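A.B. asks: A structural model of the following input is requested.
(one chain, ligands or ions: 1)
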Amino acid sequence: MQDPKMKLHCGFLFFNMAVIFGLHEKDLDFELVFIDWIAGESKTKSFLSNLNPFGQVPVLEDGDLKLFESKAITRYLAEQYKEEGTNLLPNDPKKRAIVSMWMEVDTNQFLPVALTLIKELIVKPYQGLATDFTSVQENKEKLSEILNIYETRLRESPYLAGQSFTLADLHHLPPIHYLLNTEEEEVKSLIYSRPSVAAWVEKMKCRPAWLKTVVMQEHIVDLMNRRRLPKQSDSSCHELTADVAQKTAMVIGKN
Ligand SMILES: N[C@@H](CCC(=O)N[C@@H](CS)C(=O)NCC(=O)O)C(=O)O
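C.D. replies: Here you go, the predicted model:
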């Protein structure tokens with residue numbers, strides 16, 4: 001088998017999922033290098049000096065290029081591999097500006113709220129820490145207001161930046177996936193009680209690239225859980241990639 005061209009250093013959580021989603025949308029081959037950031041693997045000397053001085057994943061290596069920050073990575077994939085897979089950025093500067101605007105909305109409005117909820121409801125319990133329910137309540141209220149604006153927008157157009165799926169939509173689905181997987185029914189109903197938001201989410205969830213992303217993420221979580229078991233036998237990154245590739249192909253077929 002030919003060596004994959006790119007290497008993605010990544011672990012659990014949605015920033016990582018966004019890049020995996022982007023790679024699948026672009027139909028690109030890559031090697032996945034699992035980084036257990038919860039166990040501190042993104043803070044080693046070698047990671048900090050070779051990959052990301054901020055000690056975070058995801059990091060993409062494409063030849064001599066090393067990139068961190070998920071949105072910088074997916075934008076690079078969209079531009080560098082324009083002719084491959086889905087076109088994630090329109091050519092027209094005005095349409096492209098609308099994509100950038102909704103990506104900024106994601107970063108500055110949606111993500112801080114979603115991230116707090118996901119940390120409180122998923123990450124902290126995983127780490128054995130107590131959830132701050134006051135913060136959960138505050139952020140549910142903020143999420144509701146933000147989703148009202150999204151509902152209005154998505155009544156006008158099927159995707160955030162217009163008629164087609166773009167990077168702006170791509171970056172929203174991974175955190176939404178986590179929000180839908182919390183134990184809090186109210187968080188789920190904030191999303192599903194808004195018909196246009198619900199339709200947008202359901203449409204995106206059917207994308208073949210997303211289905212592959214979910215399978216890959218489930219294996220990342222499995223690997224993370226296995227590492228926490230006593231006497232686990234560790235898998236190498238190559239084993240993970242091969243295993244994931246095989247299971248992904250089995251579940252949805254190679255398109
Ligand atoms: N803005 C960054 C955020 C990346 C991020 O927060 N990564 C988390 C994992 S999801 C991480 O590596 N955390 C380890 C740490 O901050 O110590 C991006 O979009 O890539």
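A.B. asks: where does the stretch 1-150 of the chain dip in pLDDT?
C.D. replies: Under the criterion pLDDT under 70, the flagged ranges of the stretch 1-150 of the chain are 1-4.
A.B. asks: Can you show me the helices along it?
C.D. replies: Taking DSSP state H, counting those that start in this stretch to define them, one finds helices in the stretch 1-150 of the chain at 14-25, 45-50, 70-80, 93-105, 111-118, 124-127, 133-156.
A.B. asks: quick one, which of those is nearest to residue 170?
C.D. replies: Distance to residue 170, taken as C-beta to C-beta, is lowest for helix 14-25 among the helices of the stretch 1-150 of the chain, at 5.7 Å. Backbone N, C-alpha and C define where each C-beta goes, glycine included.
A.B. asks: Report the distance from the closest one to the chain centre.
C.D. replies: 5 Å (C-alpha atoms, centre = their mean, to the nearest Å).
A.B. asks: elements contacting that helix?
C.D. replies: Helix 14-25 sits against strand 6-10, helix 70-80, helix 167-180, helix 208-227, with contacts defined as 3 or more C-beta pairs under 8 Å, 6 or more residues apart in numbering; DSSP states H and E.
A.B. asks: try it again with 6 Å
C.D. replies: helix 70-80, helix 167-180, helix 208-227 (3 or more C-beta pairs under 6 Å, 6 or more residues apart in numbering; DSSP states H and E).
A.B. asks: about what we covered before: out of the helices of the stretch 1-150 of the chain, deepest packed?
C.D. replies: Most buried of the helices of the stretch 1-150 of the chain by mean neighbour count (mean count of other C-beta atoms under 10 Å) is helix 14-25; its value is a mean of 26.
A.B. asks: ok, and what's touching that one?
C.D. replies: Residues outside helix 14-25 that contact it (C-beta atoms under 6 Å, 6 or more residues apart in numbering): 10, 30, 57-58, 70, 73-74, 77, 85-86, 170-171, 174-175, 178, 209, 212-213, 216-217.
A.B. asks: now the angle from it to helix 70-80?
C.D. replies: For helix 14-25 against helix 70-80, the angle between stretch directions is 10 degrees (axes from the mean of the first three to the mean of the last three C-alpha atoms, to 10 degrees).
A.B. asks: Is the ligand within reach of helix 14-25?
C.D. replies: Yes: residues of helix 14-25 contacting the ligand under C-beta under 6 Å from any ligand atom: 15-16.
A.B. asks: Ok, stretch 110-127 next?
C.D. replies: No: applying C-beta under 6 Å from any ligand atom, one finds stretch 110-127 separated from the ligand by no less than 8.2 Å.
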